[in-house]
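*Asks:* prediction below, plus the sequence it came from.
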Amino acid sequence: MNNNASKEIIIRPYQPGDSIPEITALLHKAYAGMAAQGMRYLASHQDDQTTLERLIIGASFLAVKENAIVGTITLYGPYPEAEASLYRQEGVSHFGQYAVDPDLQGAGLGKRLYQTVEDHCRKNNIKTLALDTCQDAADLIEMYRHWGFKQVDHVQWDCTNYRSVIMAKDLTAPPSPP
């Protein structure tokens, strides 16, 4: 997919009428490669009820192309019950349930979804944006570093089979150019 095709995709907030099975299928498809490598992300196998619960507890955004959902990201926090101490702190939000259809990866759609979340945080005076991912997901970790995130902690979630790195980005600094 070229960048012009990526621009034909709209990014909008999740709406209650959006198809939960379609979003779940997208998550499974997007995380299948990592699951095949032994990384059991929740998104690789979650059911529709989990997808819905994760969508509605945060600010969720979808990428839509010709009425098909081709990307998703959800912003959470602060989350007082979180196992990760950073996620409990005031002024901190984190994102997850983040996926782009594998057929559309590599052309900037994931960055556009992420930028939507960062812009949302800045408009709402969130000081720190965080995330977690498998400590063995070197390509993802490098991408997040390129986007300005720094590794700040580790966590072992009950729903995964790996140790996660927690990464954070200070949003009080001016945004970097796209």
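*Replies:* Now that the structure is in, tell me what you want to look at. Since this is a predicted model, take the numbers as computed values, not measurements.

*Asks:* residue boundaries of the helices in this structure?
*Replies:* Assigned by DSSP state H, the helices in the chain fall at 3-7, 20-36, 48-56, 85-88, 109-123, 138-146.

*Asks:* so the last one versus helix 20-36, what angle?
*Replies:* Right, helix 138-146. Orientation of helix 138-146 against helix 20-36 (axes from the mean of the first three to the mean of the last three Cα atoms, to 10 degrees) gives an angle of 110 degrees.

*Asks:* just to revisit the earlier point, and of the helices of the chain, who's closest to P13?
*Replies:* Of all the helices of the chain, helix 109-123 sits nearest to P13, with 9.2 Å by Cβ to Cβ. Heads up, the C-betas are built off the backbone N, CA and C, glycines and all.

*Asks:* out of the helices of the chain, which comes closest to I69?
*Replies:* Ranking these by proximity to I69 (Cβ to Cβ) places helix 20-36 first, at 5.1 Å.

*Asks:* how about the closest one as PDB, C-alpha atoms only?
*Replies:* Output in PDB follows, covering the C-alpha atoms of helix 20-36 (Å, rounded to 0.1, in the frame of the first residue of the first chain):
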ATOM      1  CA  ILE A  20     -17.100  -6.100  17.500                       C
ATOM      2  CA  PRO A  21     -16.500  -9.500  15.700                       C
ATOM      3  CA  GLU A  22     -14.800  -7.500  12.900                       C
ATOM      4  CA  ILE A  23     -12.600  -5.700  15.300                       C
ATOM      5  CA  THR A  24     -11.800  -9.000  17.100                       C
ATOM      6  CA  ALA A  25     -10.900 -10.700  13.800                       C
ATOM      7  CA  LEU A  26      -8.700  -7.800  12.900                       C
ATOM      8  CA  LEU A  27      -6.800  -8.100  16.200                       C
ATOM      9  CA  HIS A  28      -6.400 -11.800  15.800                       C
ATOM     10  CA  LYS A  29      -5.100 -11.300  12.200                       C
ATOM     11  CA  ALA A  30      -2.700  -8.500  13.200                       C
ATOM     12  CA  TYR A  31      -1.200 -10.400  16.100                       C
ATOM     13  CA  ALA A  32      -1.100 -13.800  14.400                       C
ATOM     14  CA  GLY A  33       2.600 -13.400  13.400                       C
ATOM     15  CA  MET A  34       3.700 -12.600  16.900                       C
ATOM     16  CA  ALA A  35       1.600 -15.500  18.200                       C
ATOM     17  CA  ALA A  36       3.300 -17.800  15.800                       C
END
